[in-house]
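Participant: Quick one, what's the 3D model for this:
(one chain, ligands or ions: 1)
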Amino acid sequence: MSKEEQIIRVLITGAAGQVAYSLAGLIACGMAFGPKQPLILNLLDLPEKTGAMEGLRMELIDSACPLLRDVIATSDPVVAFQDISYAFLLGGERRRQIDMKRYDLIASNARIFKDQGLCLDAFARKDCKVVVLTEPSNTMCYICAEYAPSIPRENFTANARLDYNRAVGQIASKLKVSTANIRNMIIWGNHSDSMYPDCSVASVVINNKTQRVSEILGEEMIYFRTQLCESVVKRGAEIITARGLSSSWSAAKAVCDQMRDWITGTPQGIMVPMTVVSDGSYGTPKEIFFTFPVEIQRGRWSIVRGIKMDEVCRSKIDFSGKELMQEKMAAVAEIGEGNV
Ligand code: LMR
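Facilitator: Now for the predicted structure:
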């Protein structure tokens, strides 16, 4: 019998919510940490939401997932954050109407992310890996990392995978291939209307041959590129209009995909988008959390350098950088402390 992996402790905040409902099942079935990794799930939400959280706990136990060794549902952050190796931060307000911008959520969510940063700092393992979904996610990730100085900045990421998955879904449907055949779709910037889904170097594998999407589409590429960009940018609002609620299942799948790639790595020559701390690459402001194409080896991401860009892409990156600086200042003002 092979030696069993050590049990890991994984936290989901906002555990009574819709995203958590989907994400907990994906994790319990091994979709984030692999089919051999046993785990304990810590679920955290507010005291008034313990009913829904307890329901999820019971369902997880009832699903008899072999990897799931325990489920702890609590409204006590000390219990929830204790010794965790991985955190999915989903708690806080979400957009409910399309006339709201993600930016408008700073007022409700900035303090929550200050507190979660403090809890990570005090109770989580120092190698804890964090994925933030709560909007505006780049800036909530910044705040959280800022208040957890004992955990390396590189261990904080925000959701970028949802926009990538949306784009990949659309390219695959246009070319009538499986999403598994699409490679190197890039997302730049902020998870806001300023993001730039960039398919200029995206490729597709057909009959074991890799071809650029631009080669296949030829003259149609310019139109397709504009259309793809618009539809990915507006997709979150489109879903709110259709469901009366923000995206849930696709958001859960996205953060799960992001964590899986972070742990297992990316194959040679394959990049995925991740929202990570900026080192100034591509002329972005240092220290904000920005979505870049990354490659991942042995649990460590690195920003892919040298991607050529046209003027549209350049100006979108510049705009996102400025927007993220404004978001950062608004969040700091909301917290009301001068030291962030
Ligand atoms: C999304 O893109 O679906 C999420 O960011 C939720 C939202 O507010 O649009």
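Participant: how close does the residue of the stretch 101-250 of the chain at minimum distance from the ligand sit to Tyr223?
Facilitator: Closest contact between the stretch 101-250 of the chain and the ligand, by C-beta to the nearest ligand atom, is at Gly236 (2.3 Å). Using the backbone N, CA and C atoms, a C-beta is placed for each residue, glycine as well. Distance of Gly236 to Tyr223, given as C-beta to C-beta, to the nearest Å: 23 Å.
Participant: Looking at these two, which is more packed in?
Facilitator: Using other C-beta atoms under 10 Å, the more surrounded residue of Gly236 and Tyr223 is Gly236, with 24 against 10.
Participant: Just give the nearest non-adjacent residue to the more buried one, would you?
Facilitator: Spatially, and ignoring its direct neighbours in sequence, Gly236 is nearest to Ser247 (6.2 Å; C-beta to C-beta, 6 or more residues apart in numbering).
Participant: The one you found and Ile239 touch, don't they?
Facilitator: Yes - counting by C-beta atoms under 8 Å, Ser247 does reach Ile239; the two are 4.6 Å apart.
Participant: Comparing those two, which residue is more hemmed in?
Facilitator: A count of neighbours by other C-beta under 10 Å puts Ser247 above the other of Ser247 and Ile239, at 22 against 19.
Participant: Now do the contacts for the more buried one.
Facilitator: Taking C-beta atoms under 8 Å, 6 or more residues apart in numbering, we find Ser247 in contact with Leu162, Arg235, Gly236, Ile239.
Participant: Could you list which of those belong to helices?
Facilitator: Cross-referencing the contacts of Ser247 against helices under DSSP state H gives Leu162, Arg235, Gly236, Ile239.
Participant: Quick one: those residues as TSV, columns for pLDDT too.
Facilitator: Formatted as TSV, these follow (pLDDT from 0 to 100):
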residue	pLDDT
Leu162	98
Arg235	97
Gly236	95
Ile239	96
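Participant: Pick the one among those residues closest to Ala107.
Facilitator: Taking C-beta to C-beta as the measure, Ala107 lies nearest Gly236 of the ones in helices among the contacts of Ser247, at 19.0 Å.
Participant: and the closest residue to the ligand within the stretch 51-200 of the chain, how many neighbours does it have?
Facilitator: Nearest residue of the stretch 51-200 of the chain to the ligand, counting by C-beta to the nearest ligand atom: Arg95, 3.5 Å away. A count of nearby residues for Arg95, using other C-beta under 10 Å, gives 19.
Participant: Ala254 is in what secondary structure piece?
Facilitator: Taking DSSP states H and E as the criterion, Ala254 maps to helix 249-264.
Participant: Please list the residues outside that helix that contact it.
Facilitator: For helix 249-264, the external contacting residues (C-beta under 8 Å, 6+ apart) are 19-23, 26-27, 31-34, 86, 88, 90, 129, 131, 133, 157, 159-162, 164-166, 239, 272, 274, 296, 299, 301.
Participant: after it, next one along is what?
Facilitator: Beyond helix 249-264 on the C-terminal side, the first helix or strand identified by DSSP H and E is strand 272-277.
Participant: just to revisit the earlier point, let me see the contact set for the residue of the stretch 101-250 of the chain closest to the ligand.
Facilitator: Contacts for Gly236 (C-beta under 8 Å, 6+ apart) come out as Arg95, Arg102, Ser246, Ser247.
Participant: Val168 too?
Facilitator: Contact analysis of Val168 by C-beta under 8 Å, 6+ apart lists Thr179, Ile182, Met185.
Participant: Around the ligand, pick out the residues from this structure.
Facilitator: Within the chain, the positions adjacent to the ligand are Arg94, Arg95, Arg102, Glu135, Leu162, His191, Gly236, Ile239, Ser246, Ser247, Ala251 by C-beta under 6 Å from any ligand atom.
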